[in-house]
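> output the structure for:
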Amino acid sequence: MSYSNVAPAPSNRKGLPTENVLVPAGVVSNLITEKGLIESESGEVKKLDLILRNLRDALPFVTDDGRLTDRPVVHTLTDDEIEYLGI
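Numbers count the residues shown, from 1 in each chain. Got it, this is the predicted structure:
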């Protein structure tokens, strides 16, 4: 099987006459599959951006003597957060 695409214009950019382009069905199937994989990976990137945006490297902290300082954060996610994020 093959997929046929007829160009709408009578000539291409170089002024040469256009012809029917035959693309094998397997190539079309591979392109559609690859597009699906790219969309899936884009979703994963958005998910990771959400996680990184909500995790901080440091938090404000008040010491015992009343001074405000920053302390490093140990990043942990609860089981509920992991389930919510779909990781």
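> just the strands in this structure please.
According to DSSP state E, the chain carries its strands in the segments 2-5, 21-24, 58-62, 68-72.
> lowest average pLDDT across those?
Note on those: strand 2-5 shows the lowest mean pLDDT, a mean of 53.
> which residues in this structure form helices?
Under the criterion DSSP state H, the chain contains helices at 25-54, 79-85.
> before we move on, the earlier item: reformat the strands of the chain as CSV; add mean neighbour count and distance to Glu39.
For glycine as for every other residue, the C-beta is placed from the backbone atoms N, C-alpha and C. Below are the strands of the chain laid out as CSV (neighbours: other Cβ atoms under 10 Å; distance: least, Cβ to Cβ, whole Å):
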stretch, mean neighbour count, distance to Glu39
strand 2-5, 11, 21
strand 21-24, 11, 21
strand 58-62, 10, 35
strand 68-72, 10, 36
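> next one: phi and psi at the residue of the chain positioned farthest from its centre?
Using Cα atoms, centre = their mean, the residue of the chain lying farthest from its centre is Asp65. It sits 46.4 Å away. Phi and psi for Asp65, reported as degrees, to the nearest 10, are phi -90, psi 10.
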